[in-house]
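Novice: my questions concern the predicted model and sequence given below.
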Amino acid sequence: MQGKILIVNKLDGSVFGWFGEVMINDESRRPDIENILLVELESNQNQKEFMNLTNGIESVKVIDIKNKILEFELKHENIETEEQRLQRELLEAQNQIVNLEFEKLTGCI
């Protein structure tokens with residue numbers, strides 16, 4: 001069994017995180033310490049993506065280390081396009097007009 005690998009601040013010894021212990025025959029789950037790399041992102045880089053991960057840190061993969069290009073598994077959001085928004089607003093306006101005309105014809109105000 002391999003022990004934990006701690007991610008430690010060199011200045012004050014505080015621990016930021018760790019990789020858990022693994023069975024020796026399950027080494028594919030965790031690389032050796034010399035194969036671990038820290039990648040520093042710009043402030044707020046990919047902020048929206050990090051907020052919408054499907055499975056936490058396991059939903060992120062660095063596909064280009066040199067250029068800091070990441071790949072994300074994101075939650076599927078129902079994001080309304082501009083065309084969908086305009087169509088929805090048009091239907092709502094048409095519905096209001098139909099309701100007003102109906103009220104006029106039936107006397108139900």
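Specialist: Alright, I've got the coordinates.
Novice: can you check the pLDDT for residue 1?
Specialist: Residue 1 is assigned 63 on the pLDDT scale.
Novice: can you tell me the SS state at residue 41?
Specialist: coil (DSSP: H, G, I helix; E, B strand; the rest coil).
Novice: mind listing what it touches?
Specialist: residue 68 (C-beta atoms under 8 Å, 6 or more residues apart in numbering). The C-beta positions use only the backbone N, C-alpha and C, and glycine is treated the same way.
Novice: in this structure, what secondary structure element scores lowest on mean pLDDT?
Specialist: When the helices and strands of the chain are scored by mean pLDDT, DSSP states H and E, strand 15-19 comes last with a mean of 80.
Novice: each with direction, which strands does it pair with?
Specialist: Paired strands of strand 15-19, with direction, are strand 5-8 (antiparallel) (DSSP bridges).
Novice: give me the distance from the strand it pairs with to the chain's centre.
Specialist: Centroid displacement of strand 5-8 relative to its chain, using C-alpha atoms, centre = their mean, to the nearest Å, is 24 Å.
Novice: using PDB, list the CA coordinates for that strand.
Specialist: Taking C-alpha atoms only, strand 5-8 is exported to PDB below (Å, rounded to 0.1, in the frame of the first residue of the first chain):
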ATOM      1  CA  ILE A   5       0.900  12.400  -0.800                       C
ATOM      2  CA  LEU A   6       0.400  15.700   0.900                       C
ATOM      3  CA  ILE A   7       0.200  19.000  -1.000                       C
ATOM      4  CA  VAL A   8       2.100  21.400   1.400                       C
END
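Novice: contacts for the least confident helix or strand of the chain, please.
Specialist: 4-9, 30.
Novice: starting at the chain centroid, how far to it?
Specialist: Distance, centroid of strand 15-19 to centroid of chain: 21 Å (C-alpha atoms, centre = their mean).
Novice: quick check: next helix or strand after that strand?
Specialist: helix 47-51 (DSSP states H and E).
Novice: in whatever helix or strand comes next after that next one, what counts as buried?
Specialist: For helix 47-51, the following helix or strand on the C-terminal side (DSSP H and E) is strand 60-64. Residues of strand 60-64 classed as buried by neighbour count (16 or more other C-beta atoms under 10 Å): none.
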